[in-house]
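Student: give me the fold of what follows.
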Amino acid sequence: MQEVTELSGWAVTLLFCVTVVLPFWYRWRSPDGDAFLARMRTHFSIGFGIAALSLLHAVLAVSSLAGGSPYLIGLAIATLGLFVAFGQVGLGLQLRRNRGRYRRWLIAAHVATMVALAGLGAAHLVLDGPFTRCFLQLAACPTEL
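Tutor: Got it, this is the predicted structure:
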């Protein structure tokens with residue numbers, strides 16, 4: 001079960017990196033507003049996928065806890081990140097609909113939320129990642145490290 005949990009976490013990380021790069025890539029390729037928005041569908045889809053996969057990752061991680069866990073701080077940070085990810089989806093939905101004067105504010109909020117998610121994800125990885133687990137439980141360290 002732990003392997004599936006880790007795999008889902010790494011999938012979220014990979015998708016996050018891809019979806020962060022896509023808007024900049026699309027804007028560089030074609031600054032035309034209509035073509036840009038048409039291509040952003042991939043970004044939108046991946047964003048929904050990240051939120052869903054993050055929820056699955058959280059369910060898998062929490063279901064594998066037995067008794068107490070040395071990873072509770074990291075799990076609390078990850079839970080906050082999950083809520084922020086759903087807020088990010090909400091901001092993205094507003095951006096898709098809004099073409100008015102609040103669009104620049106929404107873009108700034110969306111980017112700031114993305115930076116917050118990156119920080120929360122990095123903190124979660126540091127606190128609950130395989131290297132930390134290896135240091136906390138030296139007997140469980142893989143020999144490849």
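Student: which stretches of this protein have low pLDDT?
Tutor: Where the chain drops to pLDDT under 70, the residues are 33, 66-70, 133, 136-145.
Student: what ranges does it have for its helices?
Tutor: Using DSSP state H, the helices assigned to the chain run over residues 2-29, 33-39, 41-63, 72-97, 103-128, 130-136.
Student: what is the burial count for residue 28?
Tutor: Per other CB atoms under 10 Å, the neighbour tally for residue 28 reads 8. For every residue, glycine as well, the C-beta is placed using N, CA and C.
Student: repeat that for residue 58.
Tutor: For residue 58, the neighbour count with other CB under 10 Å is 20.
Student: how about residue 55?
Tutor: Around residue 55 there are 15 other residues, counting by other CB under 10 Å.
Student: again with residue 88
Tutor: Residues near residue 88, counting by other CB under 10 Å: 22.
Student: skipping its backbone neighbours, what lies nearest it in space?
Tutor: Nearest residue to residue 88, sequence neighbours excluded (CB to CB, 6 or more residues apart in numbering): residue 113, at 4.7 Å.
Student: list the contacts of the one you found.
Tutor: Applying CB atoms under 8 Å, 6 or more residues apart in numbering to residue 113 gives the contacts 84, 87-88, 91.
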